[in-house]
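> sequence first, then the predicted structure:
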Amino acid sequence: MTIRTEEPKVPANFPPARLFLDDIEEIIRILRESLETVKMDSRSTIEDLRMKVRFSTGGKECDDVQDLPKIAKSNRELSISVARGGRPKTSLRFHPWFGTLWLQSSDVTKEDTWSAFHKLQTLFEKRTRRWSTLLRSLPWWLTWFLWLAAWWLPPLLRFPLYKLMPHRAADATVLLSYAAIIAAALIGARHTTIAFRHSWDPSPFRQYVKDKLIPVIVHQTR
């Protein structure tokens with residue numbers, strides 16, 4: 001009897017990350033390169049060799065990464081597909097809550113698929129969402145324990161707080177604790193999100209705070 005070692009399968013998922021348009025451009029480049037390794041038939045036409053890129057989100061589609069901000073929102077899922085003619089084809093789907101799913105063409109060799117995976121993995125790790133990654137790495141029983149402890153501990157602390165501060169202040173502290181717990185849970189539960197701007201562009205929220213809120217606050221304090 002011959003004993004063989006089963007070859008590990010190439011993973012189809014990636015860690016939680018916050019991506020930008022320049023990351024999407026890099027992903028497209030990696031996916032294109034993986035399809036370019038496939039040897040096409042000698043009878044292939046120019047159309048068969050042409051790379052086609054398609055983005056789809058919220059029932060809308062486009063084929064240019066620069067058009068993504070016009071049709072997409074950061075809290076929606078996004079699907080990227082790259083095809084060389086009709087075949088081969090590879091796709092990568094992002095969902096803000098359920099993660100990523102990579103479907104690679106069977107025409108690409110295992111070695112080239114692993115090579116593409118490692119490049120994609122490096123990109124995701126560079127943009128990793130640390131809090132989400134940490135929560136998802138915990139055992140399920142520890143996650144439930146922390147959730148139950150966080151949910152029941154604030155009310156129990158309310159009574160000792162009554163001895164240290166007025167009741168209203170203690171109740172407000174408990175409510176703020178719940179708000180912080182819920183915010184942390186929502187942030188941690190999110191998987192991969194995409195900001196449809198380049199990583200070097202300023203954040204719209206920060207720009208708003210800088211241009212609108214800070215001048216108002218400064219004016220009110222004069």
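Thanks, I have the structure now.
> quick check: the gap between the residue nearest the centre of the chain and H167.
In the chain, the residue lying closest to the centroid (CA atoms, centre = their mean) is T192, at 1.3 Å. Using CB to CB, to the nearest Å, T192 is found at 43 Å from H167. In this view, the C-beta of every residue, glycine as well, is placed from N, C-alpha and C.
> before we move on, the earlier item: pretty sure the residue nearest to the centre of the chain is touching L92, no?
No: here T192 lies out of contact with L92, judged by CB atoms under 8 Å, at a distance of 10.2 Å.
> mind listing the shared neighbours of the two?
Residues within reach of T192 and of L92 at once, by CB atoms under 8 Å, 6 or more residues apart in numbering, are T100.
> list the contacts of the residue nearest to the centre of the chain.
14, 16-19, 94-96, 99-100, 124, 129.
> which residue ranges of the chain form strands?
Secondary structure of the chain (DSSP state E): strands at 18-20, 51-57, 60-62, 78-84, 89-95, 99-103, 193-195.
> for the fourth one, the distance to its chain's centre please.
Right, the one you point to is strand 78-84. Centroid separation for strand 78-84 versus its chain: 17 Å, with CA atoms, centre = their mean, to the nearest Å.
> can you check stretch 185-197 too?
For stretch 185-197, the distance to the chain centre is 6 Å (CA atoms, centre = their mean).
> start and end of that stretch, how far apart?
With CA to CA, to the nearest Å as the measure, the first residue of stretch 185-197 is 26 Å from its last.
> just the buried residues of that stretch, please?
Across stretch 185-197, burial judged by 16 or more other CB atoms under 10 Å covers 188, 190-197.
> would you turn the strands of the chain into TSV with mean pLDDT and distance to L31?
Converted to TSV, the strands of the chain look like this (pLDDT from 0 to 100; distance: least, CB to CB, whole Å):
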stretch	mean pLDDT	distance to L31
strand 18-20	93	14
strand 51-57	91	8
strand 60-62	91	16
strand 78-84	91	4
strand 89-95	92	5
strand 99-103	93	9
strand 193-195	89	16
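> can you redo these as CSV with distance to S115?
Putting the strands of the chain into CSV (distance: least, CB to CB, whole Å) gives the following:
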stretch, distance to S115
strand 18-20, 21
strand 51-57, 18
strand 60-62, 28
strand 78-84, 16
strand 89-95, 13
strand 99-103, 13
strand 193-195, 24
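> nearest to W152, of those strands?
W152 lies closest to strand 99-103 among the strands of the chain, at 29.5 Å (CB to CB).
> alpha carbons only: can I get that closest one in CSV?
Listed in CSV are the C-alpha atoms of strand 99-103, where the atom choice follows Å, rounded to 0.1, in the frame of the first residue of the first chain:
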residue,chain,number,x,y,z
GLY,A,99,-15.4,38.1,4.3
THR,A,100,-13.7,37.4,1.0
LEU,A,101,-14.0,34.6,-1.5
TRP,A,102,-11.5,33.9,-4.2
LEU,A,103,-12.4,31.7,-7.1
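> gap between the residue nearest to L68 when sequence neighbours are not counted and S81?
Ranked by CB to CB, 6 or more residues apart in numbering and with sequence neighbours excluded, the top spatial neighbour of L68 is F196, at 5.3 Å. Note on F196: its distance to S81, by CB to CB, is 18 Å.
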